[in-house]
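>>> Next one to model:
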Amino acid sequence: MSSQPRHVNPWIVTAAVMGATFMEILDTTVVNVSVPHLAGNMGATVEEGTWVVTSYLVSNAIILPMSGWLANRIGRRNMLLACVTGFTITSVLCGMATSLEALIFFRVLQGLTGGGLQPLAQAVLLETFPPKQHGTAMAAFGLGIILAPILGPTLGGWITDNYSWRWIFFINIPVGILSLLLVYRVIDDPPWAKLKAGVAARIDYIGISLLVLGVGALQIMLDKGQEDDWFGSRFIATLAVLAVVGLVSLVIWEWFHKDPIIDVRMYRNWNFVQANIMIFILGLVLFAALVMLPLFLQSLLGYTAQSAGLVLSGGGLFLLFMTPVIGVLSGKIQARYLIAFGWLTVALGMFISSRELQLGLSFRSAAWLRVFQVVGLSFLFVPINLVSFIGIPAEKSGSVAGLINFMRNIGSSVGTSMVTTVIARRAQVHQVYLVGNISPGSTTLSDAAAGLTARIVASGTDAVQAGKIAYAVIYRSVIAQATTLAYVDTYILLGTIALGMVVLSFFLKRNELGGPRPIAE
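Below is the predicted model:
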């Protein structure tokens, strides 16, 4: 049953739900590049400023899995209106904040109010478009989900450099107001949702508390782990214990609760479990690759944030073109075959990146590497989202969407933490190996230092100072080479993970072409 009046064009509904959703996802990355500016403006350190990002991610992660339960309690349309209104108002408050503490508080509220937009938008789109166009619906959803994080750093850097960090929040206002008017005008609840809305039910306070404890601890641990040396820090170790205890207790409690905030019993569906694993790995690979290339370009090749963002734009344009195409193909080809091809292509893209990455990488080559990395991703998002709904009743679509988006977000956090940690640790390993080949008695080192010293002396520097500079240049070169090799190792790791997903793809259920319903086998 459609979730909007029959006379409303489904693309108007898409605009209504995806406008604010796009801005909400954009806010997960657009703030990152502005942290030094806003921290300095408020007299705080950059480390303290990172809590502006962490606080948003934590509250966002908490609200995602329980969004289906909330929508059933107050009605999907009412929740959409509340989310868009809350997100817009808190964006204004974030932009007007005069202290770091106030900004962090408003970011928590922004994450809580905006977090439900992703699963609500996905559920509405699936009910708005007929089954034969579900691939198209997920393509429209996927464009916002995939493109927003890619555009975020570039847009955030441009706004901060040309205006003020406050405008990264104020740009949400016109989009939020327009989305609010459209949602109010064109969105309606399906009959089953109207029956559920307002039904008296006890609030699962224990479940909510365990969710806040487990997910909050997990998200903070992932965001601060590398910064605090992971389990070498008592703070991180404590968070790990709280996350495990909270999440395990949550699953046990919700399994036996009559009206759970998270329907964990859906995980008895093996196909749903596989879809969750794949969307988790998709989030991991997507954000890992998204973090790695700009970081490499900025830290080792001297790119600015904007120029590194331009390198990503080629991949973004490719996704913009391919995602609708995959939406159409999803109605003609089995989802599991598209998924298998997608993972195989992702693996190939990562292995190509591991071979081509070097310190002499040109802008053009870097842009092509990014395209190779995202080719496979375009074949994954739409089909994985489609197969996640196989065998699930329509009235649980909100819960499915909430859990799928939650798993993708957690995968994104794991991917970001994983690559920063692996790169740092592998760089240390490679540095040890490389330094072992340039010991003080090495003729190669002596010859290289002598040559550099001679060139520096020729520029007018005295011999003693020139010798020190020469050895410093060689040392920096060793560090750069070791770090590059660490990036190569990380790309190989991502490619290997993607290859493992190829095998899992063939265990997914066959879906009826044009919809998520399974074919009897």
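>>> where in the stretch 301-450 of the chain is pLDDT low?
The model of the stretch 301-450 of the chain has pLDDT under 70 over residues 305-306, 436-450.
>>> Which element, helix or strand, includes the residue nearest the centre of the chain?
What sits nearest the mean C-alpha location of the chain, by CA atoms, centre = their mean, is residue 412, with 4.0 Å. Per DSSP states H and E, residue 412 falls inside helix 397-435.
>>> And for residue 482?
Counting by DSSP H and E, residue 482 is part of helix 463-505.
>>> any idea which helix or strand comes after the helix or strand residue 37 falls within?
Assigned by DSSP H and E, residue 37 falls within helix 35-41. Under the assignment DSSP H and E, the closest C-terminal helix or strand after helix 35-41 is helix 46-49.
>>> distance between that following helix and the chain's centre?
21 Å (CA atoms, centre = their mean, to the nearest Å).
>>> neighbouring contacts of it?
Under the criterion CB atoms under 8 Å, 6 or more residues apart in numbering, residues 35-36, 38-39, 42, 100, 227 lie in contact with helix 46-49. Every C-beta, even on glycine, is put in place using the N, C-alpha and C of the backbone.
>>> thinking again about what came up before, was I right to think the residue nearest to the centre of the chain contacts residue 282?
No: with contacts counted by CB atoms under 8 Å, residue 412 stays clear of residue 282, the gap being 9.2 Å.
>>> Specify the residue ranges that define each domain of the protein.
Annotated domains of the chain cover 1-201, 203-258, 268-417+488-521, 428-485 [automatic domain parsing].
>>> Comparing those domains by mean pLDDT, which bottoms out?
With a mean of 72, domain 428-485 has the lowest mean pLDDT of the domains of the chain.
>>> Span of it from start to end?
End-to-end distance of domain 428-485 (CA to CA, to the nearest Å): 10 Å.
>>> 35 is where my numbering starts, stick with that
Got it, the first residue is 35 from now on, which makes the last one we talked about domain 462-519.
>>> Just list the residues touching the residue nearest to the centre of the chain, thanks.
Counting by CB under 8 Å, 6+ apart, residue 446 has contacts 62, 183, 317-318, 320-321.
>>> Name the SS class of the spatially closest residue to residue 238 that is not a sequence neighbour, please.
Using CB to CB, 6 or more residues apart in numbering and skipping the chain neighbours, the partner closest in space to residue 238 is residue 295 (5.0 Å). Three-state assignment for residue 295 (DSSP: H, G, I helix; E, B strand; the rest coil): coil.
>>> what's the neighbour count on residue 295?
26 (other CB atoms under 10 Å).
>>> same thing with residue 293?
Neighbour tally, residue 293, other CB under 10 Å: 15.
>>> Surely it and residue 239 touch.
No: using CB under 8 Å, residue 293 is not in contact with residue 239, being 11.8 Å away.
>>> list the helices and strands the helix holding residue 516 packs on?
With contacts taken as 3 or more CB pairs under 8 Å, 6 or more residues apart in numbering; DSSP states H and E, helix 497-539 sits against helix 304-334, helix 369-390, helix 431-469, helix 477-492.
>>> For the longest one, buried residues please.
What it means is helix 431-469. 431-454, 456-457, 460-461, 464-465 (16 or more other CB atoms under 10 Å).
>>> Is residue 543 in a helix, a strand, or coil?
From three-state DSSP, the assignment for residue 543 is coil.
>>> ok, now how distant is it from residue 71?
Separation of residue 543 from residue 71 (CB to CB, to the nearest Å): 49 Å.
>>> go on, residue 263?
Distance from residue 263 to residue 71, by CB to CB: 27 Å.
>>> again, but for residue 267
For residue 267, the distance to residue 71 - CB to CB - is 27 Å.
>>> What sits closest to residue 131 if chain neighbours are left out?
Leaving aside its chain neighbours, residue 131 sits nearest to residue 137 (3.9 Å; criterion: CB to CB, 6+ apart).
>>> To clarify, my last question referred to residue 180.
residue 353 (5.5 Å).
>>> which outside residues touch the helix or strand where that neighbour lies?
Secondary structure assigned from DSSP H and E places residue 353 in helix 339-363. With contact meaning CB under 8 Å, 6+ apart, helix 339-363 is reached by 67, 169-174, 176-177, 180-181, 184-185, 187-188, 191-192, 195, 324, 327-328, 331-332, 337, 372, 397, 400-402, 404-405, 407-409, 411-413, 415-417.
>>> Can I get the buried ones among these as something I can paste into PyMOL?
Buried members of those, defined by 16+ other CB under 10 Å, are picked up in PyMOL with:
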select buried, resi 67+169+170+171+172+173+174+176+177+180+181+184+185+187+188+191+324+327+328+331+337+372+400+401+402+404+405+407+408+409+411+412+413+415+416+417
